[in-house]
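> pasting the structure only:
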């Protein structure tokens with residue numbers, strides 16, 4: 001076991017490097033949540049703007065961090081453009097369907113917990129936080145797969161890129177928690193916890209890179225479908241209903257464009 005983590009040739013094994021790289025990327029969610037530690041308790045309009053920002057971040061992440069990289073992985077593995085698009089479309093639809101069925105039939109009312117706010121709002125926001133957390137798993141796996149191939153430079157580049165993208169996601173989680181009435185530190189810790197899913201995905205991704213090479217695109221697509229469903233069906237209608245004026249939409253556009261810029265700029 002120790003030999004697989006620390007090869008005789010020196011340095012880290014791809015598995016350990018993938019796990020540590022995805023851990024570092026996941027920890028960046030906590031860095032992104034730091035600004036919320038300095039906020040005062042938000043009013044209704046600020047809450048709507050923050051939730052709009054969170055929705056914009058996750059919409060952009062669904063396409064630029066999950067769907068497009070999933071298509072790239074499929075094409076790199078030899079799939080044609082049409083086949084890659086079809087597989088990703090199927091994965092997105094399945095992910096959205098699963099979350100939709102859970103929302104309709106599972107006892108999601110037990111998610112309606114929070115110090116303040118309506119029960120319905122609490123349920124919606126907890127679904128949103130769960131979707132963000134689930135989407136971090138395939139992101140961590142992507143880091144692990146990059147290291148698992150043995151190219152440390154490629155793995156490091158992937159870890160840095162995803163880590164930077166995780167910062168606005170951490171802010172999105174903490175903003176959602178603040179909307180529920182939680183204090184600064186519980187909101188910050190929730191953002192940190194959502195990112196700690198990534199090293200689990202990183203360990204698995206680095207370990208099975210040669211065993212199940214086709215699993216990663218499906219995981220990316222499923223996470224994207226779940227995220228898009230929750231944001232469009234639950235969060236955006238909530239922010240539009242509660243917001244007076246265009247604060248929620250301004251927040252959404254800032255989050256979407258900011259996340260889009262990061263994803264495109266970082267490649």
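Good, I have the coordinates. None of the values given here were measured: they were computed from a predicted structure.

> pLDDT below threshold where in this structure?
1-12, 40-44, 103, 105-121, 148-151, 154, 208-213, 242-245, 267 (pLDDT under 70).

> ranges for the helices of it?
In the chain, the segments counted as helices under DSSP state H are 2-5, 14-33, 44-61, 68-76, 81-105, 119-148, 152-179, 184-195, 198-207, 215-230, 236-242, 247-266.

> for those, give me TSV that also has mean neighbour count.
Yep, even glycine has a C-beta here, placed from its N, CA and C like the rest. Compiled in TSV, these are given as follows (neighbours: other CB atoms under 10 Å):
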stretch	mean neighbour count
helix 2-5	10
helix 14-33	25
helix 44-61	25
helix 68-76	19
helix 81-105	16
helix 119-148	24
helix 152-179	24
helix 184-195	21
helix 198-207	26
helix 215-230	25
helix 236-242	17
helix 247-266	18
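
> quick check: closest non-adjacent residue to residue 263.
residue 64 (3.5 Å; CB to CB, 6 or more residues apart in numbering).

> can you report how many residues neighbour the one you found?
Neighbours of residue 64 under the rule other CB atoms under 10 Å: 19.

> and if you look at residue 182?
18.

> from what I see, residue 54 and residue 174 are in contact.
No - between residue 54 and residue 174 there is no contact under CB atoms under 8 Å: 9.1 Å.

> centre of the chain to stretch 69-83, how far?
Stretch 69-83 sits 21 Å away from the centroid of its parent chain (CA atoms, centre = their mean, to the nearest Å).

> ok, residue 203 - contacts?
Taking CB atoms under 8 Å, 6 or more residues apart in numbering, we find residue 203 in contact with 15, 18-19, 22, 144.

> any idea how far it is from residue 141?
Per CB to CB, to the nearest Å, residue 203 is found 9 Å from residue 141.

> what do those two both touch?
Shared contacts of residue 203 and residue 141 (CB under 8 Å, 6+ apart): residue 22.

> report the two of the contacts of residue 203 separated the most.
Greatest spatial distance among those (CB to CB): 15 and 22, at 11.1 Å.

> shared neighbours of these two, which are they?
By CB under 8 Å, 6+ apart, the residues touching both residue 15 and residue 22 are 144, 203.

> just the contacts of residue 203 now: which is nearest residue 80?
Nearest member of the contacts of residue 203 to residue 80, counting by CB to CB, is residue 144, at 26.6 Å.

> OK, contacts around the closest one?
Contacts of residue 144 by CB under 8 Å, 6+ apart are 15, 18-19, 21-22, 201-207, 209.

> could I get those residues as JSON lines with distance to residue 38?
JSON lines is the format used below for the contacts of residue 144 (distance: CB to CB, whole Å):
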{"residue": "15", "distance to residue 38": "38"}
{"residue": "18", "distance to residue 38": "34"}
{"residue": "19", "distance to residue 38": "32"}
{"residue": "21", "distance to residue 38": "29"}
{"residue": "22", "distance to residue 38": "28"}
{"residue": "201", "distance to residue 38": "31"}
{"residue": "202", "distance to residue 38": "31"}
{"residue": "203", "distance to residue 38": "34"}
{"residue": "204", "distance to residue 38": "36"}
{"residue": "205", "distance to residue 38": "35"}
{"residue": "206", "distance to residue 38": "36"}
{"residue": "207", "distance to residue 38": "40"}
{"residue": "209", "distance to residue 38": "41"}
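
> out of these, which is nearest to residue 265?
Nearest to residue 265 among the contacts of residue 144 is residue 21, at 20.2 Å by CB to CB.

> from residue 125, how far off is the nearest residue to the closest one once chain neighbours are set aside?
The shortest distance from residue 21 to any non-neighbouring residue, by CB to CB, 6+ apart, is to residue 159 (3.8 Å). Separation of residue 159 from residue 125 (CB to CB) stands at 29 Å.
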